[in-house]
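Enquirer: what's the 3D shape of this:
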Amino acid sequence: QVKQEGFDLCSRDTSLQIVVPKGQQPSASSMEGDAFAMCMQTSENLLIVGQRRRCLAMLKCLRDTHLDVPGTPVTNYIVKTLLLGECEKHPHEFEWEDECLGDRIIGVFLQLVSCLQCRRCPHYFLPQMDLLRGRPPQLLDQAARQVWALLRRLMLNAHALETL
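Expert: Model (predicted):
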């Protein structure tokens, strides 16, 4: 169904803003040459349903409360992209029941640490597109340490999701 839906081609003028990392200026090529942008939101919404959507909400909450520092390379879209990868690894509904959500969250954050350390986070639908491109290495290292600290709390405390 996702392959059938494909993607939406949207005009940058009317429906999408140019997404530029904080502190960087949009390049001339992104402003002049790219009149259209691909929007994967319909396909993403087909894949992230039910408990997966709940898991995304929990991941965003954890990101907003523990990883949202000035200049952070960890955006909600990167978290969403990594969740799509986790959905592919765990395609069955029983793998997303309440008692498994902690494991899914840990899986996403482990993948995030790996991406930050490798300095590359491929887009789920366009793997040649690096979502971390242009981010300073010191910010990626700092973010990896923050995510790892959060991961340790989640892995070592069975009730961490209730208190974080």
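Enquirer: all strands of the protein, in order?
Expert: Under the criterion DSSP state E, the chain contains strands at 8-11, 36-39.
Enquirer: where does the protein dip in pLDDT?
Expert: The model of the chain has pLDDT under 70 over residues 1-44, 46, 164.
Enquirer: C61: how many residues sit nearby?
Expert: Per other Cβ atoms under 10 Å, the neighbour tally for C61 reads 12. Quick note: C-beta positions are derived from backbone N, CA and C, even for glycine.
Enquirer: swap that for G102, please
Expert: G102, neighbours per other Cβ under 10 Å, totals 17.
Enquirer: now do the contacts for it.
Expert: L154, L161 (Cβ atoms under 8 Å, 6 or more residues apart in numbering).
Enquirer: what's the lengthiest helix in the chain packed up against?
Expert: What stands out as the longest helix in the chain, according to DSSP state H, is helix 137-156. Using 3 or more Cβ pairs under 8 Å, 6 or more residues apart in numbering; DSSP states H and E, the elements in contact with helix 137-156 are helix 51-66, helix 101-118, helix 160-163.
Enquirer: and the shortest one, how far out from the chain middle?
Expert: Taking the mean C-alpha point of helix 160-163 and that of its whole chain, the gap between them comes to 21 Å (Cα atoms, centre = their mean, to the nearest Å).
Enquirer: report the buried residues of it.
Expert: Neighbour-count burial for helix 160-163, counted by 16 or more other Cβ atoms under 10 Å, picks out A160, L161.
Enquirer: output the contacting helices and strands for it.
Expert: Against helix 160-163 (3+ Cβ pairs under 8 Å, 6+ apart) you get helix 101-118, helix 137-156.
Enquirer: returning to what we had before: turn the helices and strands packed on helix 137-156 into CSV, including distance to H90.
Expert: Shown next, in CSV, are the helices and strands packed on helix 137-156 (distance: least, Cβ to Cβ, whole Å):
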stretch, distance to H90
helix 51-66, 9
helix 101-118, 7
helix 160-163, 17
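Enquirer: comparing those, which comes out most buried?
Expert: helix 101-118 (a mean of 19; mean count of other Cβ atoms under 10 Å).
Enquirer: mind putting the helices and strands packed on helix 160-163 into JSON lines with distance to H92?
Expert: Below are those laid out as JSON lines (distance: least, Cβ to Cβ, whole Å):
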{"stretch": "helix 101-118", "distance to H92": "12"}
{"stretch": "helix 137-156", "distance to H92": "22"}
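Enquirer: nearest to N76, out of those helices?
Expert: Proximity to N76 (Cβ to Cβ) singles out helix 101-118 among the helices and strands packed on helix 160-163, at 12.0 Å.
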